[in-house]
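A.B. asks: With the sequence up front, the predicted model follows.
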Amino acid sequence: MVGGKRREIGLGPYPAVGLKDAHIKAQAKRNDIEAGIDPVLARKEAASRLLASQALEITFEDAAKRFMKAKSSEWSNVKHGEQWKNTLAEYAYPVLGKMMVRHINREHVLLVLEPIWTSKTETASRLRGRIENVLDWARVKGFRSGDNPAAWRGNLDHLLSKPSKTKIVRNHPALPIEEMGDFMVALRLMKSAAARCLEFAILTAARSGEARGATWGEFDLDKGIWSVPADRMKAKKEHRIPLSEAAIAVVKGMPKIKDCDLVFASPTGKVLSDMTLLAILRRSELEATPHGFRSTFRDWAGEYTNYPRELAEVALAHVKGDSSEAAYWRGDVLDRRRRMMSDWAAFIAMPLPKGAVIPMQRHA
């Protein structure tokens, strides 16, 4: 009898449990009962605790995959999700992947980050944030407790150098201004959608992705305006671009493909990859990148014209800064920008004679 309730307790099957062992086990049960312990209830509680403990055992890799599945709808594009998967798989999983999240501490996180902190600082910094997010998710879900060992402030900031002080800034290689005319002549001889897309991106000083994703509905060719919607802009703000005659001619020269709204489509009717544009430059044996032409445009506007700096910044869709630059955004100053883009198109249209002096544009 246990607490007024009859209990039948097995001590194990014979002959696995002999008579002597049975006597010892039976006495132990009687001692438990005298101490106020219900052996049956205690066994059930122990089994329940074991099941509960097992339910909380989750590896970092499993936690990361569950976190990414839960948060994937918040990511701006598929590429963002792929970056998460790839960085965790390449750097975090080899060290943390099979570990239970509740066992991960600061030293384990450092084992992941320290080997790449100075050589791949930007990647390492993003990786740290991703590990922190996964461990935060695991804490809220009840899989771990305590402070987050991947947190930066008050934690890893005492052990690792600041990313801004560590990373080597690598600007996108740009083509020298003096070589633009020769390159444009060669580019216009190439007969492909990729070549026309790169030419258009150069003429508009647009980012490669903005030009590659351009659709027919974004253009008002009668007014000579290309309106890039906010969801395709880095700053998430609609950007209106006044087109030069040369840029309009490129768009008008592109064939419309049935059931495809892209202006510069790949042969399969999809968005061209940035590598396709980069391949054009590589075949021309140039070290420049598609993005680098924006720097070339900025150098031209700043060094060889009298156009205000703010006007070039608006043309590049850079985030507005001081109050004078903000005024250019409010007015959009399309007419002045159109003159600037037309001057840019005229400047790069023809090769410069060797030793020529580049004239300063007098427009402002």
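C.D. replies: Nice, I can see it. Numbering: from 1, shown residues only.
A.B. asks: OK, contacts around the closest residue to L113 other than its chain neighbours?
C.D. replies: In space, L113 comes closest to A124 once its chain neighbours are excluded; the distance is 5.3 Å by Cβ to Cβ, 6 or more residues apart in numbering. (Glycine included, C-beta is placed from N, CA and C.) If you count contacts by Cβ atoms under 8 Å, 6 or more residues apart in numbering, A124 has them with 91, 113, 116-117, 163.
A.B. asks: Out of those, grab the one that's most surrounded.
C.D. replies: W117 (22 neighbours; other Cβ atoms under 10 Å).
A.B. asks: ok, that residue touching S161?
C.D. replies: Yes - assessed by Cβ atoms under 8 Å, W117 is found in contact with S161 at 7.3 Å.
A.B. asks: ok, which stretches of the stretch 251-364 of the chain are helices?
C.D. replies: 274-283, 292-303, 309-315, 323-331, 334-347 (DSSP state H, counting those that start in this stretch).
A.B. asks: How many residues are close by the closest residue to W75 other than its chain neighbours?
C.D. replies: Setting aside the residues directly before and after it, W75 is nearest to G81 in space (Cβ to Cβ, 6+ apart), at 5.2 Å. G81 has 15 neighbours, counted by other Cβ under 10 Å.
A.B. asks: Could you pull up phi and psi at G81?
C.D. replies: Main-chain dihedrals, G81, degrees, to the nearest 10: phi -60, psi -40.
A.B. asks: quick revisit: CA-only coordinates of the helix or strand hosting the residue nearest to L113, as CSV, when you get a sec.
C.D. replies: Assigned by DSSP states H and E, A124 falls within helix 121-140. Extracted in CSV, the C-alpha atoms of helix 121-140 (Å, rounded to 0.1, in the frame of the first residue of the first chain):
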residue,chain,number,x,y,z
THR,A,121,35.5,40.2,-42.7
GLU,A,122,32.2,41.1,-44.4
THR,A,123,31.2,37.5,-44.8
ALA,A,124,32.3,36.7,-41.2
SER,A,125,30.3,39.7,-39.8
ARG,A,126,27.1,38.6,-41.6
LEU,A,127,27.7,35.0,-40.5
ARG,A,128,28.0,36.1,-36.9
GLY,A,129,24.6,37.9,-37.2
ARG,A,130,23.1,34.8,-38.7
ILE,A,131,24.4,32.5,-35.9
GLU,A,132,23.1,35.0,-33.4
ASN,A,133,19.6,34.9,-35.0
VAL,A,134,19.5,31.1,-35.0
LEU,A,135,20.5,30.9,-31.3
ASP,A,136,18.0,33.6,-30.4
TRP,A,137,15.3,31.6,-32.1
ALA,A,138,16.4,28.5,-30.2
ARG,A,139,16.2,30.4,-26.9
VAL,A,140,12.7,31.7,-27.5
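A.B. asks: Rounded mean pLDDT for it, please.
C.D. replies: For helix 121-140, mean pLDDT is 93.
A.B. asks: Could you list the domains of this structure?
C.D. replies: Listed by automatic domain parsing, the domain ranges of the chain are 1-44, 60-166, 177-347.
A.B. asks: Out of these, which gets the lowest mean score?
C.D. replies: Per-stretch mean pLDDT for the domains of the chain is lowest at domain 1-44 (a mean of 81).
A.B. asks: so I280 touches C197, yeah?
C.D. replies: No - using Cβ under 8 Å, I280 makes no contact with C197, being 9.4 Å away.
A.B. asks: S192: neighbour count?
C.D. replies: S192: 13 neighbours (other Cβ under 10 Å).
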